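okay, predicted coordinates and the sequence, questions at the end:
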Amino acid sequence: MTELLLLPGLVCDRAVWAPVLPALEAHARCAVAGYGLRSSLPDMARHVLAGAPPRFALAGHSMGGRVALEILRQAPQRVERVALLDTGYQARVPGAPGEAEKVQRHALLDLARREGMRAMGLKWLTGMVAPARLADAALVEAIAAMVARHPVEVFAAQIEALLRRPDATDVLRAIACPTLIACGRQDAWSPFARHEDMAGMVTGATLAAFEDCGHMAPMEGPETVAAALVAWLRQSPA
């Protein structure tokens, strides 16, 4: 059976993958990675690789997609197939736009330090899910509780990693295994157009949009996301 490593995003954990795990576990042995206090994407990738099987399938969500790309940079021969969900590949842009991102991320970090991770999570998630889902109390609580499980030091380390993220254009162009690139149709943080660009760099990539989902697609639309991932797992390795 395929070994499948699942990589969560910024201040996410197993909970982001939990809604799709029952479907995936019929096709793969699943493990969800963590990053500890590592503050660079390459270091996160090295940590995941150190505990990984010799060969594995790899699925990354959000920041986890960027970690997946760093794993592909470091050890492409170990990756049987890769799925990149609600993610990106470019470095932080220079000049005013990049500085604005830094200010935005640090404002959330300041809020977490003043009022706690749960308060930060409740503010952060308003831009992370499809607008219509903000009225879904169970979804909102699941995301807020997940964020609250992380110490502010982990949040700070992961923000540092994202602000210093390397460009992965060359990694995408070198991928030679079955690849799924997908996101929520209403993902405002990592929009579908970006995923179209990524899919255009990978020979034979499958591109998908999850309808009525935002950035937290595995939690917002688990049936649709699980179906796409199962189809990817069943895709011929040739």
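Everything's here; your move.

residue ranges with poor pLDDT in the protein?
Of all residues in the chain, those with pLDDT under 70 make up the ranges 238.

again, only this time at 50
Flagging of the chain using pLDDT under 50 yields an empty set of residue ranges.

was I right about residue 218 contacting residue 19?
Yes: judged on Cβ atoms under 8 Å, residue 218 makes contact with residue 19 at a distance of 6.1 Å. (Each C-beta comes from the backbone N, C-alpha and C, glycine too.)

which neighbours do the two have in common?
Residues touching both residue 218 and residue 19 (Cβ atoms under 8 Å, 6 or more residues apart in numbering): residue 225.

of those two, which one has the most company?
For residue 218 versus residue 19, the count of surrounding residues by other Cβ atoms under 10 Å is larger for residue 218: 29 against 18.

from residue 41, how far off is residue 146?
For residue 146, the distance to residue 41 equals 21 Å [Cβ to Cβ, to the nearest Å].

please report phi then psi for the residue sitting nearest the centre point of the chain.
When Cα atoms, centre = their mean is applied to the chain, the residue found nearest the centroid is residue 61 (1.9 Å). Backbone torsions of residue 61, given as degrees, to the nearest 10, read phi -110, psi 130.

and the gap between the residue nearest to it when sequence neighbours are not counted and residue 95?
Setting aside the residues directly before and after it, residue 61 is nearest to residue 85 in space (Cβ to Cβ, 6 or more residues apart in numbering), at 4.6 Å. Separation of residue 85 from residue 95 (Cβ to Cβ) stands at 29 Å.

more neighbours: which of these two?
Neighbour totals were compared for residue 85 and residue 95, and residue 85 leads with 30 against 7 (other Cβ under 10 Å).

which residues touch the more buried one?
With contact taken as Cβ under 8 Å, 6+ apart, residue 85 is in contact with 59, 60, 61, 62, 65, 180, 182, 183, 217, 218, 225.

between the residues you listed, which is closest to residue 161?
Nearest to residue 161 out of the contacts of residue 85 is residue 62 (Cβ to Cβ; 12.2 Å).

ok, the closest one touching residue 87?
Yes: with contact defined as Cβ under 8 Å, residue 62 counts as touching residue 87 (5.7 Å).

what's the overlap in contacts for the two?
If you check residue 62 and residue 87 against Cβ under 8 Å, 6+ apart, the residues they both contact are 9, 190.

for this protein, which segments count as helices?
Secondary structure of the chain by DSSP state H: the helices cover 14-17, 21-24, 41-50, 63-74, 95-115, 117-124, 137-148, 152-163, 169-174, 192-201, 217-220, 222-234.

show me what the third one is packed up against.
Going back to what we said before, that points to helix 41-50. Of the remaining helices and strands, those touching helix 41-50 by 3 or more Cβ pairs under 8 Å, 6 or more residues apart in numbering; DSSP states H and E are helix 63-74, helix 152-163.

please apply the same query to the second one.
Taking 3+ Cβ pairs under 8 Å, 6+ apart as contact, the helices and strands that helix 21-24 lies on are helix 222-234.

which elements pack onto the helix it packs on?
Using 3+ Cβ pairs under 8 Å, 6+ apart, helix 222-234 is in contact with helix 21-24, strand 79-85, strand 179-184, strand 206-210, helix 217-220.

many thanks, I have nothing further to ask.
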